[in-house]
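Q: Next input, structure requested:
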Amino acid sequence: MDGLSRRRMLLTGGTLGVFGALGLASPAGARSLWTWSPAGSVAGAGAGVDPEWVWDEEVDRLMASVLDRGDVARVNEALRGWTRNDQPAPTGLPADVRDWAEEARRLPSWADRSKLELAADFNKRRGVYLNLLNGVGGGMLSTAIPREARAVYWSKGGADMEDRVAKTSLLGFAVGALNAYRPDGKVIVESVKTRMVHAAVRHLLPRSPGWAATSGGQTVPISQADMMVTWHSLPTYAMRTLLQWKVPMPAADKEAYLHLWQVSAHMLGIRDEYIPATWDDANAQYRQVLEPILTSTREGVELTDILLGQLAEQTSPGGIDRPLCDALARYLVGDEIADMDGIGREPFWEGAIRTAWPALVAFREKLIPLPLVPPLAWTIDEAVRQYILFYLTKGQGTHIEIPDTNRPTDA
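A: You can find the predicted model right below:
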C-alpha cells in the first residue's frame with residue numbers, strides 16, 4: 001500500500017476494523033473479507049492488498065488539481081477531438097494531463113493482438129447476445145450494486161440519465177467494436193477518458209451530502225474493489241449467462257473474450273494483480289465480491305425505473321412496450337435481482353419470454369454457420385447501437401467529459 005493510500009486509510013477511520021464496522025452498519029455496505037489470491041491474476045503475483053483500500057492514485061491527484069485550478073473546461077474541449085486509438089494525446093491539454101494520458105494510453109505488455117482480433121470476431125458472431133447482456137442485463141445488475149447505484153445517482157450524470165447512459169454506451173460500444181483495439185478504433189481513448197472521469201468523481205462525490213449520507217461509511221468512492229464488482233457485472237455475468245443459455249463456444253472464443261475484458265480492465269486503471277487470469281479465477285472472484293453485496297436501494301430502484309423507461313421509449317416511442325421490457329429485464333437477471341430493482345411482474349410476457357427465448361437461441365445458433373449470417377447480424381446490431389446513441393443524445397452526439405460538480409440538490 002503506498003503513502004497516499006495509507007493516509008486515506010487513516011483519514012477514513014484509522015483502522016480497517018473501524019471502516020469495516022462503519023460499512024457493516026448498513027446492509028448495503030456489507031462486503032466479504034478479501035481472500036482472493038493475486039496468484040490467480042494476469043500478473044500472477046501481487047501484494048495481496050485488499051482492493052477496498054486502493055484507488056488510482058496518480059490520476060486522482062491529477063484530476064483533483066485540474067478541478068481545483070479550474071481547468072475542466074479546457075481539458076474537456078481538448079478531449080473532444082481525441083477519437084482514435086492511434087492519435088497522440090491532444091496538444092491542447094495542460095502539460096501534466098497530456099503527459100499522463102500519453103502514458104495511460106499504452107497497452108499492457110501482455111496484450112495479445114491475435115486474441116483481441118478473435119474477440120472482435122466473437123463479438124461479431126455473438127453481438128446480439130452480448131449487447132443484450134452487457135446493456136440491459138448489466139444495467140439491471142449495476143442498479144442492484146449499492147455503491148455503484150449511489151455513485152451514479154449522486155454524481156452529475158445522475159440528474160440526466162439519458163446523457164449518462166449515452167456516455168457509458170460510448171465506452172461499451174467501443175469495447176465491443178470490430179476495430180476495438182485497432183489503430184482506427186476508440187476503446188483506448190474512451191477508456192483513458194473514463195479513467196479521468198472516475199478520478200474526478202472521487203474528488204467531487206465526498207462533498208455530496210446525499211452520497212455521504214447513504215455511502216455506508218465509504219468516504220472515497222470507486223475503489224479498485226468497486227471497479228472489479230462493476231467489471232464482473234459485464235463479462236463474467238455475460239459469459240455465465242451464455243453458458244446457461246447453452247450457446248456453443250469453442251475454448252478459444254471464451255479465452256479471447258476474457259482477454260478483451262482483461263485488457264480493457266487494465267486500460268481503465270485496474271491493477272493487474274486484481275484482474276482474473278482465467279474464467280475459473282473470474283468466477284471465484286465474482287462469487288466473493290459481487291454476489292454478497294447485491295441489494296435494493298432507493299437510488300437503484302429509481303435508476304432502474306428510468307433505464308427501463310428509456311428502453312421502452314427506444315423500442316416504442318409511445319412507451320407501450322414497458323411491460324415487455326420489464327419482463328425481459330427480469331428474465332435476464334432473475335427474480336431475486338429483479339425484486340431488488342423494483343421491477344414489476346408481468347406474468348404473460350414473462351411466460352412468453354421463458355418459452356420463446358431458448359427456442360430463438362437454438363434457431364439462431366443453427367443459422368450462425370451460414371456464410372452471410374454473422375456480417376448481416378452485425379450490421380443489424382450496429383444499426384441498433386447507432387439508433388440508441390441517436391435517441392439518447394437527441395441527434396446531437398455526445399462525448400465522455402470530466403464532471404465539474406455533483407448532482408444538483410434539486411434534481
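
Q: count of residues packed around residue 241?
A: The burial count assigned to residue 241 is 18, neighbours taken as other Cβ atoms under 10 Å. Bear in mind the C-beta positions are built from the backbone N, C-alpha and C, glycine included.

Q: does it sit in a helix or strand, and which one?
A: Assessed by DSSP states H and E, residue 241 sits inside helix 237-244.

Q: Quickly find the element holding the residue nearest the centre of the chain.
A: Centroid-nearest residue in the chain: residue 230, 5.3 Å away (criterion: Cα atoms, centre = their mean). Element membership of residue 230, judged by DSSP H and E, is helix 224-231.

Q: average pLDDT for that helix?
A: What helix 224-231 shows for mean pLDDT is 97.

Q: returning to that earlier point: by contact count, what packs against the very next helix or strand once past the helix holding residue 241?
A: Next helix or strand after helix 237-244 toward the C-terminus (DSSP H and E): helix 251-267. Other elements packing on helix 251-267 under the criterion 3 or more Cβ pairs under 8 Å, 6 or more residues apart in numbering; DSSP states H and E are helix 113-132, helix 161-176, helix 187-204, helix 224-231, helix 237-244, helix 279-289.

Q: if we compare the ones you listed, which one ends up closest to residue 97?
A: Nearest of these to residue 97, taken as Cβ to Cβ: helix 187-204 at 8.0 Å.

Q: Sort out which residues of the following helix or strand past the closest one are buried, please.
A: Using DSSP H and E, the helix or strand that follows helix 187-204 in sequence is helix 209-214. The neighbour-count check on helix 209-214 (16 or more other Cβ atoms under 10 Å) flags 210, 211, 214 as buried.

Q: okay, those residues in JSON lines with pLDDT and distance to residue 84 next?
A: Below are the buried residues of helix 209-214 laid out as JSON lines (pLDDT from 0 to 100; distance: Cβ to Cβ, whole Å):
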{"residue": "210", "pLDDT": "94", "distance to residue 84": "38"}
{"residue": "211", "pLDDT": "95", "distance to residue 84": "35"}
{"residue": "214", "pLDDT": "92", "distance to residue 84": "39"}
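
Q: Columns distance to residue 404 on top of the residues you listed, output as JSON lines?
A: What follows is those, written out as JSON lines (distance: Cβ to Cβ, whole Å):
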{"residue": "210", "distance to residue 404": "17"}
{"residue": "211", "distance to residue 404": "16"}
{"residue": "214", "distance to residue 404": "22"}
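
Q: residue ranges with poor pLDDT in this structure?
A: Within the chain, the segments meeting pLDDT under 70 span 1-32, 314-320, 368-397, 410-411.

Q: Name the helix or strand for the nearest residue to the residue nearest to the centre of the chain once chain neighbours are set aside, please.
A: In this structure, residue 230 finds its nearest non-sequential neighbour in residue 148, 5.9 Å apart by Cβ to Cβ, 6 or more residues apart in numbering. If you go by DSSP H and E, residue 148 is part of helix 146-154.

Q: Correct me if wrong: residue 185 contacts residue 176.
A: No. With contact defined as Cβ atoms under 8 Å, residue 185 does not reach residue 176; the gap is 10.7 Å.

Q: Of the two, which one has the most company?
A: residue 176 (24 against 21).

Q: Tell me the spacing between the more buried one and residue 302.
A: According to Cβ to Cβ, to the nearest Å, residue 176 and residue 302 sit 28 Å apart.

Q: For residue 206, give me its contacts.
A: By Cβ atoms under 8 Å, 6 or more residues apart in numbering, the contact set of residue 206 is 212, 219, 220, 221.

Q: give me that answer again for 10 Å
A: Applying Cβ atoms under 10 Å, 6 or more residues apart in numbering to residue 206 gives the contacts 12, 212, 215, 218, 219, 220, 221, 406.

Q: Overlap of the contact sets of residue 185 and residue 176?
A: With Cβ under 10 Å, 6+ apart as the test, residue 185 and residue 176 both reach residue 120.

Q: for the helix holding residue 148, packing partners?
A: Using 3 or more Cβ pairs under 10 Å, 6 or more residues apart in numbering; DSSP states H and E, the elements in contact with helix 146-154 are helix 138-143, helix 161-176, helix 187-204, helix 209-214, helix 224-231, helix 298-315.

Q: buried set for that helix?
A: Here helix 146-154 shows 146, 147, 148, 149, 150, 151, 152, 153, 154 as buried, counting by 16+ other Cβ under 10 Å.

Q: Might one say that the third one is in contact with residue 232?
A: What it means is residue 148. No. Contact between residue 148 and residue 232 fails when scored by Cβ atoms under 10 Å: they sit 11.4 Å apart.

Q: residues shared between the contacts of those two?
A: Each of residue 141 lies in contact with both residue 148 and residue 232 under the rule Cβ under 10 Å, 6+ apart.

Q: picking up where we left off before, for the helix holding residue 148, what is the distance to the chain centroid?
A: 13 Å (Cα atoms, centre = their mean, to the nearest Å).
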